[in-house]
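Q: Here's a sequence, model it:
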Amino acid sequence: MSNDAATAIPAVDGPQGPQQELPAHGLGASLPSADARAKTEGTFPYASDLWAEGLLWAAVLRSPHAHARVVSIDTTAAADMPGVRAVVTHADVPGDATYGRTVADRPVFAADLVRHHGEAIAAVAADHPDTARLAAAAIAVEYEILDPVTDPEKAFAAPPLHPDGNLIRHIPLRYGDPEATGEVVVEGLYRIGRQDPAPIGAEAGLAVPRPDGGVDIYTASTDPHTDRDLAAACFGLPPEQVKVVVTGVPGATGDREDPGFQIPLGLLALRTGCPVKLAATREESFLGHPHRHPTLLRYRHHADAEGRLVKVEAQILLDAGAYAESSSESLAAAVAFACGPYVVPHAFVEGWAVRTNNPPSGHVRGEGAMQVCAAYEAQMDKLAARLGLDPAELRLRNVLATGDILPTGQTVTCPAPVAELLQAVRDFPLPALPADSPEDGWLLPGGPEGAGEPGAVRRGVGYALGMVHMLGAEGTDEVSTATVKVHDGVATVICAAVETGQGFSTLARQIVQDTLGIDEVHVASVDTDQPPAGPATHGRHTWVSGGAVERAAKMVRTQLLQPLAHKFGMSTELLQITDGKITSYDGVLSTTVMEALEGKELWATAQCRPHPTEPLDEAGQGDAFVGLAFCAIRAVVDVDIELGSIRVVEMAVAQDVGRVLNPAQLATRIEAGVTQGVGAALTENLRTARGLVRHPDLTGYALPTALDAPDIRIVKLVEERDVVAPFGAKAASAVPVVTSPAAVASAVRSATGRPVNRLPIRPQAAVAAP
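A: Here you go, the predicted model:
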């Protein structure tokens, strides 16, 4: 992101608008993260840094096959190796043999059948990590290799891969008149690849047995209470005998620390009576955790002669991989948002999520919504070309607004400034063309060492509009609990909301600063002895956990002000706290917060629970979502039309944020989301061959680097507060991830004249049409 754009972030009206003077602390301030210095200096303790006296090291044996029958497992050689303390298989699981966040269909260790490459077979604990790995390799497993089902379209007729069958969920959406037709019809078939969360730090953890027969698990969990409950059920223990302690999380764009890592770790600690540490290799990380759902999408759009949408028909097929994971939730988002942020009078969508022998799919930021965005925006480009309309103008004729109705029948009650967002990116000045000189060779697609010629480079401009839902959906009980304590003028926030890089810990400090006028605020570390706060997904913690912190802080505020109000014969509502001072409306009372707190210890606990939602019915109808967030992006790309190499020059972003709570963090979240989306558009795809993951490492899986990151211009942040959300703020991270791949694809279509119907975009798809 350029320096010019960076200085414009605090100005909600964009780079051309007035700059705002930011407060020093509290909401609206660019308060830095409390752990920023430690992370920058390399002293922040991550899960892989954990240590305990007398610890053992764990290793997991994983299947080399995508689909096989397990004939026999012989652990004798491994158990007899010097230094090996324990070997566990499916026969050693004392509790539930399977687990799952939504459906308990995934075995702790494969027993009779292997359903995907990398499935856990056994685990070993030894006194040295090399010994553990050698022992795991020494376990003799006899397999009967079976033909894998890797094509999700063939999963419907294939023999069942699981006792629950191959179909995880089917959602038919019916809205409007099935006989409606438009004067102009365009069709398309689209494929979205398997993006991996690719966390900077691979999975790691430490399990420590307890004197009461339980176990404490130290790990970088993003949903500690769910992880505890799943682990306890597999250990055959009550939840109170298992404690999950959240250690430093090295960022998360999906679920961190899959239970498939934690449960073997805990079993080994319980079996040996010693602390056991597991630090996954990058290969194990790729094989062990869920990925974004590969998706096949078929679309037919109907429009009138003026370009207004009449009907959308779609078929959406999600490849869930071997187990259900969060596929049901991802499918609901895909089907509900299949038409995008557009007014569509008639919509008919069929969505399926099916099991295959491919690697498991699960929660990755923007799941479901990202895949359909790439498809419906490609359809909008086709319509614009067919009608001879400017792509931005076609979109403006169809955009959604507050009060419109989604194809699920739900009325959009939250702010939906989609037209304003699109106009902002459309009107933002385009970047200059690079000079045709040797000094600017690095600006060519492929870089200075590429073989491209300036004469073969074409510039393209594309647009995309995206939307996501906030919080859980379809009746999920969203609730969080927080406690605020004040002692000796220092406030402490206790909440089990995990800081994953989304900024919750900083937000919690800002809320207390704003409410109580106390500068020094600490956020306690998270463990499952605290009340649950739920997973760190869909902007939950800004909404429900931030809301719980605010309510608790306001209760403490009342406790603080009541004695003063009583003394002066007035209501607490007539007192205000500003800049660390307490004053009355009439100026009679004026004191500092520190003076009022002297000798007092105050605390309060509160919950936040948003209004309920409901599941989609048999016709795909229902008020399934608490709130929505929107984004518009204009992408500018340079494409070498002979080689098919692509350089993303600029991404102009306008986003519906509700309220800016921390300008610097918000800018960072948007930049990160756009960059992740650029990766999905151009490079990121975990490739498989007959279900086997090819090159499960950061050499074979190409993440975008600093050289690949485009100039990101945040041209407008629309602050139209959602009245039902605490602070009025909306989720910020997922919607740019959803929107940016579609914008890049649109720009490549503009440059090349090619349809671009697959993500990531392959070089042959970017070679100009003859």
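
Q: make it CA atoms for all contacts and neighbour counts henceforth
A: OK.

Q: Dead centre of this structure: give me the residue that sits there.
A: residue 365 (2.3 Å; Cα atoms, centre = their mean).

Q: Give me the pLDDT for it.
A: What the model reports for residue 365 is a pLDDT of 90.

Q: Check residue 74 too.
A: So, for residue 74, pLDDT stands at 97.

Q: thinking it is in contact with residue 138, fair?
A: No - using Cα atoms under 8 Å, residue 74 is not in contact with residue 138; the gap is 9.1 Å.

Q: Name the residue in these two with the higher neighbour count.
A: Legend: neighbour count by other Cα atoms under 10 Å for residue 74 and residue 138, higher for residue 138 (17 against 12).

Q: Hmm, the more buried one is touching residue 78, no?
A: Yes - at 5.3 Å, residue 138 and residue 78 qualify as touching, with contact defined as Cα under 8 Å.

Q: Identify the residues contacting stretch 602-615?
A: 473-487, 544-545, 547-549, 551-553, 555-556, 559-560, 622-626, 724-725 (Cα atoms under 8 Å, 6 or more residues apart in numbering).

Q: buried subset of those?
A: Taking 16 or more other Cα atoms under 10 Å as the criterion, what is buried in the contacts of stretch 602-615 is 473-475, 478-486, 544-545, 547-549, 551-553, 555-556, 560, 622-626, 725.

Q: In helices only, show me those residues.
A: Mapping the buried ones among the contacts of stretch 602-615 onto helices (DSSP state H) picks out 547-549, 551-553, 555-556, 560.

Q: which is the next helix or strand following the one helix or strand in the chain whose mean pLDDT sits lowest?
A: Using mean pLDDT, DSSP states H and E, the weakest-scoring helix or strand in the chain turns out to be helix 3-8, at a mean of 36. Remark: after helix 3-8, the chain's next helix or strand is helix 36-41, criterion DSSP states H and E.

Q: Point out where the stretch 151-300 of the chain drops to low pLDDT.
A: Across the stretch 151-300 of the chain, residues meeting the criterion (pLDDT under 70) sit at 253-257.

Q: Buried residues, stretch 211-225. List them.
A: Using 16+ other Cα under 10 Å as the test for burial, stretch 211-225 gives 214-225.

Q: The residue nearest to the centre of the chain touches residue 737, doesn't it?
A: Yes - with contact defined as Cα under 8 Å, residue 365 reaches residue 737; the gap is 7.2 Å.

Q: quick one: stretch 187-202 to chain centroid distance?
A: Offset of stretch 187-202 from its chain centre (Cα atoms, centre = their mean, to the nearest Å): 12 Å.

Q: would you put the C-alpha positions of that stretch in PDB?
A: Extracted in PDB, the C-alpha atoms of stretch 187-202 (Å, rounded to 0.1, in the frame of the first residue of the first chain):
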ATOM      1  CA  GLU A 187     -24.400 -19.000 -19.000                       C
ATOM      2  CA  GLY A 188     -21.100 -20.000 -17.400                       C
ATOM      3  CA  LEU A 189     -19.300 -22.900 -15.700                       C
ATOM      4  CA  TYR A 190     -16.800 -22.000 -13.000                       C
ATOM      5  CA  ARG A 191     -14.300 -23.800 -10.900                       C
ATOM      6  CA  ILE A 192     -12.700 -22.600  -7.700                       C
ATOM      7  CA  GLY A 193      -9.500 -24.200  -6.300                       C
ATOM      8  CA  ARG A 194      -8.500 -25.500  -2.900                       C
ATOM      9  CA  GLN A 195      -7.000 -22.600  -1.000                       C
ATOM     10  CA  ASP A 196      -5.100 -23.400   2.200                       C
ATOM     11  CA  PRO A 197      -5.100 -21.200   5.400                       C
ATOM     12  CA  ALA A 198      -1.300 -21.600   5.300                       C
ATOM     13  CA  PRO A 199      -0.700 -20.200   8.800                       C
ATOM     14  CA  ILE A 200       2.700 -18.600   9.300                       C
ATOM     15  CA  GLY A 201       3.200 -20.900  12.300                       C
ATOM     16  CA  ALA A 202       2.400 -24.500  11.900                       C
END
